[in-house]
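Trainee: with the sequence up front, the predicted model follows.
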Amino acid sequence: MSEKNKLTVTAEAGKHEALMTREFDAPRDLVFKTMFSGEAIPEWWGMGTVVEKFDAKPGGSWSVKAQGNGYEYRMHGVFHDVQSPEKVIRTFEYMPGKVALETTTYEDLGGRTAMRLSTVYPSVEDRDWVVKNGMEKGANWTYDRLEQYLQSKK
């Protein structure tokens, strides 16, 4: 993995937001299509992921379950804005009653893509819990799998 493709996580003390940035060695259209295609998600999320619903349009909803480390994880939310291939705003419920707001932007770097994912959590404590309990490790693993998937589709 090139240094450009390294995940960066920023979580400033006292703030509700966590920011992740990463580049991918693939065109923006392909990155966007892969990230917001219910058919492709199980391929790069791993962990026995099952997409129960994925309607990537304003007002559409999504629901995914995954298994790992002896647990079943369920995540779901609603798409608020989808501007293909530049931007997506959606909610992400990661624990019952814990709804975060995600804004993801994609910048075309001429055959490469820069992704910027801002997640605003209900509280600073919720954000800190997610960061402390493996957010960066999980994101690195998932985005590395995404990079491999993208390379197989170029």
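Mentor: In hand now; what should we look at?
Trainee: need the longest strand for the chain.
Mentor: Secondary structure of the chain per DSSP state E: the longest strand is strand 71-83.
Trainee: for the record, mean pLDDT for that one?
Mentor: Per-residue pLDDT values across strand 71-83 average out to 93.
Trainee: which strands border it, and is each parallel or antiparallel?
Mentor: strand 61-68 (antiparallel), strand 87-95 (antiparallel) (DSSP bridges).
Trainee: got the CA positions of it in PDB?
Mentor: The C-alpha trace of strand 71-83 is given here as PDB (Å, rounded to 0.1, in the frame of the first residue of the first chain):
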ATOM      1  CA  TYR A  71     -20.800 -11.600  17.400                       C
ATOM      2  CA  GLU A  72     -23.500 -10.500  14.900                       C
ATOM      3  CA  TYR A  73     -23.400  -6.800  14.100                       C
ATOM      4  CA  ARG A  74     -26.400  -4.900  12.700                       C
ATOM      5  CA  MET A  75     -26.100  -1.500  11.200                       C
ATOM      6  CA  HIS A  76     -28.700   0.600   9.500                       C
ATOM      7  CA  GLY A  77     -29.700   4.100   8.600                       C
ATOM      8  CA  VAL A  78     -31.300   6.500   6.100                       C
ATOM      9  CA  PHE A  79     -29.800   8.300   3.100                       C
ATOM     10  CA  HIS A  80     -30.400  12.000   3.300                       C
ATOM     11  CA  ASP A  81     -28.500  13.200   0.200                       C
ATOM     12  CA  VAL A  82     -26.800  11.200  -2.600                       C
ATOM     13  CA  GLN A  83     -24.900  13.200  -5.200                       C
END
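Trainee: and for residue 52, the neighbour number?
Mentor: Per other CB atoms under 10 Å, the neighbour tally for residue 52 reads 12. The way it works is simple: take the backbone N, C-alpha and C, and place the C-beta from them, glycine included.
Trainee: contacts for the longest strand of the chain?
Mentor: 36, 47, 53, 55-67, 87-94, 99, 102 (CB atoms under 8 Å, 6 or more residues apart in numbering).
Trainee: so which of the strands paired with strand 71-83 comes closest to residue 7?
Mentor: strand 87-95 (17.5 Å; CB to CB).
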